[in-house]
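# dropping the sequence and predicted coords here.
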Amino acid sequence: MKFLETVTAATTHASIAISAGGLVVTTVCLFLQVILRVLTITATWTSEIARYAFMVTVFYGLAAATDKGLHLVITVFSDRLGIRVRAWYAVFAKLTLGVFLAIITYGVLLTANTAAGNNQSFEAFTNVKICYLYYTIFVGLVVSTLNTVLSTLKDIGHLLTGKAGNQ
């Protein structure tokens, strides 16, 4: 049980750090893009790096929010359940999210491989392949799926040992 908690916490902390780094990179690139446009300097690389960094922010943030329970939820149904049943319902919801993420992860991998085979680029004047963006999303989704599964197993362990209120 302690191992699951340690691994989940480490994955969550790493996801938060990577997501925050992606947000900083996105902000810096967009700031540079505005400044360079004022100076009439073309810098297409800022747009592409900001695009990648934003995807890193989103998909690693997804991984961090899953373990901490920070996703938006509609609680009309779950509020009417008893405390013990509500805890198992939360596990079921996380498990469903994990399955959903696994399916999307597989779809993104297929899309990335197709884009790599088609040799598609973002813009005609650059040589940055769009498949790199899809692979970036794929890695973020793999981490999100892994963290969701670890978090679900941790929650099941807490419920089975009677420590559900101590999370």
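Done, it's in. Residues are numbered from 1 along each chain as shown.
# what segments of the chain are helices?
For the chain, the helices defined by DSSP state H cover 2-38, 44-68, 83-118, 130-161.
# what packs against the first one?
Packed against helix 2-38 by the contact rule (3 or more CB pairs under 8 Å, 6 or more residues apart in numbering; DSSP states H and E) you find helix 44-68, helix 130-161. Yep, even glycine has a C-beta here, placed from its N, CA and C like the rest.
# what residues sit buried inside the shortest one?
Right, helix 44-68. Using 16 or more other CB atoms under 10 Å as the test for burial, helix 44-68 gives 46, 48-57, 59-67.
# what of the last one?
For helix 130-161, a neighbour-count test (16+ other CB under 10 Å) marks 130-156, 158-159 as buried.
# point out where the protein drops to low pLDDT.
Within the chain, the stretches with pLDDT under 70 are 120-128, 163-167.
# contacts only, for Thr11.
Neighbour list for Thr11: 63, 67, 143, 146-147, 150 [criterion: CB atoms under 8 Å, 6 or more residues apart in numbering].
# now do 10 Å
By CB atoms under 10 Å, 6 or more residues apart in numbering, the residues touching Thr11 are 63-64, 66-67, 143-144, 146-147, 150-151.
# let's have those residues in JSON lines, adding distance to Ile74.
Putting the contacts of Thr11 into JSON lines (distance: CB to CB, whole Å) gives the following:
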{"residue": "Ala63", "distance to Ile74": "22"}
{"residue": "Ala64", "distance to Ile74": "21"}
{"residue": "Thr66", "distance to Ile74": "17"}
{"residue": "Asp67", "distance to Ile74": "20"}
{"residue": "Val143", "distance to Ile74": "26"}
{"residue": "Ser144", "distance to Ile74": "21"}
{"residue": "Leu146", "distance to Ile74": "26"}
{"residue": "Asn147", "distance to Ile74": "22"}
{"residue": "Leu150", "distance to Ile74": "25"}
{"residue": "Ser151", "distance to Ile74": "20"}
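# what is the nearest of those residues to Val34?
Ranked by distance to Val34 (CB to CB), the contacts of Thr11 are led by Ala64 at 28.6 Å.
# what's near enough to touch the closest one?
11-20, 70, 143-144, 147.
# and if you look at Ser151?
Here Ser151 is in contact with 4-5, 8-9, 11-12, 63, 66-69, 91, 94, 97-98 (criterion: CB under 10 Å, 6+ apart).
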